[in-house]
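K.L.:
With the input below, show me the fold.
(chains A and B)
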Amino acid sequence: MTEIRLYNSRLRKKEIFAPIEPENVRMYVCGPTVYDRAHLGNARPVVVFDVLYRLLRHVYGAEHVTYVRNFTDVDDKINARARSMQGAGDTRPLNAIIRALTDATIDWYHGDMDALGALRPSHEPRATEFIVQMVAMIEGLIARGHAYAAEGHVLFDVRSYPEYGALSGRAIDDMIAGARVEVAPYKRDPMDFVLWKPSSADEPGWDSPWGWGRPGWHIECSAMSHDLLGPSFDIHGGGIDLQFPHHENEIAQSCCAHPGAGFANFWLHNERVQVDGKKMSKSLGNFFTVRDLLDQGWPGEVIRFVMLSTHYRKPMDWTEEKARVAEKHLGSFWSLIRDTKPGQVDAAVIAALADDLNTHQAIAELHRLYSEGAAACLAATLNFLGLQGGDRAHRADADGAIRDLLAQYSDGLAKARELAIKNKDFTEVDRLKRMLLDAGAEVRMTKEGVEVLATQDFDPAKLEALK
RNA sequence: GGCGAGUUGGCGGAGUGGUUACGCAGCGGAUUGCAAAUCCGUGUACAGGAGUUCGAUUCUCCUACUCGCCUCCA
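P.N.:
This is a model prediction of the structure:
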């Protein structure tokens, strides 16, 4: 069996991955808060952990891997967005707006991530469907002396958990010295974080032992991972920016609620997406969405390829130059595998991924397969990596009418060229070629003959108009 | 202020205690009516300093710089 090695940020080193139960490998990844289109930064963990999911399925068998990624559909950002919609004239009740907003955002998210070639996880729980489990977990934490109720809130007592700060390598006192934590009168310690907080009458809320309210941000992941994967599981993933405080708080909650279980064995964190060397973030306003890029005409596979060309633990700069290069490579690969039946997935690619998801090395192997002309292997491997190109690569083949049409033109062009070589007059050849290029076709002329192919921009109507 | 990550050839970007990354661009050539595409050839880089070592880009320490987290953000 392939030995997988992963960098465990909990221990800050690469470790051999050994699942708790090889017949049920379990992974939890923090998903999006659903109030807006996913931006490119949201997409990176999706692609990174999709590659890991595919690798795990390959090694342990597709039916032996459970992958959970949540939707955070209760959150103050969502409430704020809904209120601003009310302010803009939306007359529906706040909760109706929120339901519509979160539903729509989840649909967008699915569409955009599907376009990036990401497989759907085994479970995609919505936080609001797990309130009962969250309340139960909070009650347990209070009973064990790790949390306390105060003024309608329930707070986690960080001083009750000596390991607090271990994941991110921080000491509580150092963080307080940073003096940027919210100090609320009802907190015993400034670092204590909210498990439950009161809601106003029109805000989303649920009855609880502490009154009408809603959960804090962190408890949902602890409750959902426990419910769907059990008290201990193999991999917990997410963006590096979630390491603190979110993951630190998850560990504190889960380990205190289920002492001895261990929670997640491996913690994996992907680095951020940058734009021009700066972090991409909503507060800086330099972000763009996956949908923006798709609408600009970049195929999802190109975005995915660019993502995979940088190792997940390094910051990735998005540039159009990279996208152009990626598109060129994929175009070459796809043209080689046209009409090819996929064979075996390349072993060197699996080995590269097994070494802490060295996707860049995997791409280097794709170039090797391409230069070797190993079409069947390349096809299978591209498919495995989620870079199969969908219908685009096969458009000319899929559409017989287009193929027949272009065959006519290629015959005509070949005849004209034959004549031109004799007469030394290429004006007609150049005119035909120009016309085909303008209509989005690709023209290849070699000694052997003329070949006309449809690119994804090919437009038969345009060709007719130019005739 | 605390914590962490990084600094590789023109560019992107892996990796390694001593031997070619890979890709893009460039250059030279083949081929071509011209192009495109393709093919062949071509690049000896690892922030600076000190140390360990027979030998360091790779290990250790220091310095500089960049970036991130500590506050909503993936």
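K.L.:
bridging residues for the residue of chain A found nearest RNA strand B?
P.N.:
Nearest to RNA strand B, among the residues of chain A, is A:Gly239, at 2.0 Å (CB to the nearest atom of the strand). Every C-beta, even on glycine, is put in place using the N, C-alpha and C of the backbone. Note on A:Gly239: beta-bridge partners by DSSP bridges are A:Asn270.
K.L.:
And the next helix or strand past the helix or strand bottoming out on mean pLDDT in chain A?
P.N.:
Across the helices and strands of chain A, mean confidence by mean pLDDT, DSSP states H and E is lowest for helix A:395-398: a mean of 44. Using DSSP states H and E, the helix or strand that follows helix A:395-398 in sequence is helix A:400-423.
K.L.:
tell me the average confidence for the helix or strand following that following helix?
P.N.:
Of the helices and strands lying after helix A:400-423 in sequence (DSSP H and E), the nearest is helix A:427-438. Averaged over helix A:427-438, pLDDT sits at 84.
K.L.:
helices or strands up against helix A:427-438?
P.N.:
Applying 3 or more CB pairs under 8 Å, 6 or more residues apart in numbering; DSSP states H and E, one finds that helix A:427-438 contacts helix A:400-423, strand A:441-446, helix A:460-466.
K.L.:
who does the last one touch, helix- and strand-wise?
P.N.:
Which is helix A:460-466. Packing contacts for helix A:460-466, counted by 3+ CB pairs under 8 Å, 6+ apart, involve helix A:400-423, helix A:427-438.
K.L.:
Compute the inter-axis angle for the first one and strand A:441-446.
P.N.:
If you take axes from the mean of the first three to the mean of the last three CA atoms, to 10 degrees, helix A:400-423 sits at 40 degrees to strand A:441-446.
K.L.:
How about residues contacting helix A:400-423?
P.N.:
Helix A:400-423 has contacts (CB atoms under 8 Å, 6 or more residues apart in numbering) with A:395-397, A:426, A:428-429, A:432-433, A:436, A:441, A:443, A:445, A:449-454, A:458, A:460, A:463.
K.L.:
got the domain boundaries for chain A?
P.N.:
When chain A is parsed with automatic domain parsing, its domains come out as A:22-273, A:295-394, A:399-466.
K.L.:
Dump these into CSV; add mean neighbour count as well.
P.N.:
Output for those, formatted as CSV (neighbours: other CB atoms under 10 Å):
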stretch, mean neighbour count
domain A:22-273, 19
domain A:295-394, 18
domain A:399-466, 15
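K.L.:
Which of these sits closest to A:Lys13?
P.N.:
domain A:295-394 (10.4 Å; CB to CB).
K.L.:
so how far is that closest one off the chain centroid?
P.N.:
Distance, stretch centre to chain centre, for domain A:295-394: 16 Å (CA atoms, centre = their mean, to the nearest Å).
K.L.:
One more: stretch A:189-205?
P.N.:
For stretch A:189-205, the distance to the chain centre is 29 Å (CA atoms, centre = their mean).
K.L.:
remind me which residues of the stretch 351-467 of chain A are low pLDDT?
P.N.:
A:390-400, A:448, A:455-457, A:467 (pLDDT under 70).
K.L.:
Near RNA strand B, which residues of it? Just list them.
P.N.:
Residues of the stretch 351-467 of chain A lying near RNA strand B by CB under 7 Å from any atom of the strand: A:355-356, A:358, A:360-361, A:363-364, A:367, A:371, A:417, A:420-421, A:426, A:429-430, A:433, A:443-447.
K.L.:
what about 6 Å?
P.N.:
Residues of the stretch 351-467 of chain A lying near RNA strand B by CB under 6 Å from any atom of the strand: A:358, A:360-361, A:364, A:367, A:371, A:417, A:421, A:426, A:429-430, A:443-447.
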